[in-house]
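>>> My questions concern the predicted model and sequence given below.
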Amino acid sequence: MSKIDIESVLERNRAEIDAAIAKYLPKKYDKKSLEFTLGKARYSYDVNSASDAISTPIWDFLSRGGKRWRPALFLMFAEALGADTRKLIDFAIIPELAHNGTIVADDIEDNSELRRGKPTLHKIYGVDVAVNLSGALYFLPLLPLFKKRKEITPSTLLGAYEIYSQEMLNLHFGQAFDIWWHKGMKEPNEDEYLQMCAYKTGTLARMAAKLGAIFAGGSEAQIEAAGRFAEAVGVAFQIQDDVLNLVGEKFAKGKGLGEDIHEGKRTLMVIHCLKHASKEDASRLRAILNSHPEDQGTINEAIAIIKKYDSIEFARKRSQQLVSEAWKNLDPTLPKSDAKERLHAFAVYLIERDV
């Protein structure tokens, strides 16, 4: 399946996913929607402030784009296991809302200026509002489980809660590793970096796949294989994100070329470069990363050092290897179907994208 086909699938899913999100997170709150979310007020709700401080900034963010590929992954796995995805769309939004919460928090932690071509939420609404929003986006995904619990078997409901809780815990440890490293407190090795990615980016993909499989009634072996494959896809996605941050002109329009250099991030490319570079080049790259440069000239100097040692090509090949190996493990656990073919094409698309 071609890249264009996959993009069409994502675009078709997007409207349906956003409509499901709006059921649990309306674009403007009123008394009825607040009671649906929070229960009846003991005193009185300020519906305007709920909209101004929660729904308006979140929908500002959601409307900027994003591929919605995590809910798409949920639906692909559910379909590959024979489920009627029309009945599961509300649950597919779980990893998407959590994902957006992580982005809001990440932008605050990195003090980023831009996200998806516009000022970050904390620059528009203030750090206090954005911190609260990121937390709200970790709990809003649980609403479909609360509201539809009578439609779910107890074992599926318990399994979904366990998956969500464990993956969110993993996510925060992955972020902790990343933050500590780009402070220059430690230089991780390749395996440590990949484990960080497995928790920071891979965990939400793994959550999406495992939830899709469990709601489809998949076996324990199928649920675990789905999770392992999706984790590899998530890690490969992060590696490609890191690559595009340095060389992707389209990507840079939404975030800024070489922002990872400014943040001092120890990406797979940096780790590879520091291992293979001359003593002089390695020392210079460390100095640039630790200085968190603002000027594009210094950032470009760091990118040139990384390119000099073929570290970008190494990262690309490593991401392809991860997905290829994970697919070999997943392939025998799923019956042959068009949905299965879309899953494979989807994984290839994510690691070959240019934006």
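Received it, and whenever you're ready, just let me know what you need. Numbers count the residues shown, from 1 in each chain.
>>> does the residue lying closest to R116 once chain neighbours are set aside sit in a helix, a strand or a coil?
Ranked by CB to CB, 6 or more residues apart in numbering and with sequence neighbours excluded, the top spatial neighbour of R116 is R64, at 3.9 Å. To be clear about C-beta, it is placed using only N, CA and C from the backbone, and glycine gets the same treatment. Assigned with DSSP: H, G, I helix; E, B strand; the rest coil, R64 falls in the coil class.
>>> Low-confidence regions, this structure specifically.
Within the chain, the segments meeting pLDDT under 70 span 1-4, 249-256, 354-355.
>>> Centroid-wise, who is the farthest residue in the protein?
Note on the chain: the largest C-alpha distance from the chain mean falls to Y43, namely 38.1 Å (CA atoms, centre = their mean).
>>> Could you confirm it falls within a strand?
No - with the criterion set as three-state DSSP, the secondary structure at Y43 is coil rather than a strand.
>>> Quick check on it: phi, psi?
Main-chain dihedrals, Y43, degrees, to the nearest 10: phi -120, psi -90.
>>> Same check on R115?
Backbone torsions of R115, given as degrees, to the nearest 10, read phi -150, psi 120.
>>> which residues of the chain fall in strands?
When secondary structure is read from DSSP state E, the chain shows strands at 114-115, 118-119.
>>> Mind putting these into TSV with distance to G101 and mean neighbour count?
Formatted as TSV, the entries for the strands of the chain read as follows, by distance: least, CB to CB, whole Å; neighbours: other CB atoms under 10 Å:
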stretch	distance to G101	mean neighbour count
strand 114-115	13	18
strand 118-119	18	14
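>>> export those to a markdown table and tack on distance to D18?
Listed next are those as a markdown table, based on distance: least, CB to CB, whole Å:
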| stretch | distance to D18 |
| --- | --- |
| strand 114-115 | 18 |
| strand 118-119 | 18 |
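>>> Can you say which of those strands is nearest to A226?
Go through these one by one with CB to CB and the one that ends up closest to A226 is strand 114-115, at 29.5 Å.
>>> helices and strands around that closest one, which ones?
Identification of packing neighbours for strand 114-115 by 3 or more CB pairs under 8 Å, 6 or more residues apart in numbering; DSSP states H and E yields helix 249-255.
>>> Let's see that with 6 Å instead.
The elements that strand 114-115 packs onto, with contact taken as 3 or more CB pairs under 6 Å, 6 or more residues apart in numbering; DSSP states H and E, do not include any helix or strand.
>>> sorry, back to before: nearest to A136, of the strands of the chain?
Evaluated with CB to CB, the strands of the chain place strand 114-115 nearest to A136, the distance being 17.5 Å.
>>> Quick one: distance of the closest one to the chain centre.
Going by CA atoms, centre = their mean, to the nearest Å, the spacing between the C-alpha centre of strand 114-115 and its chain's C-alpha centre is 15 Å.
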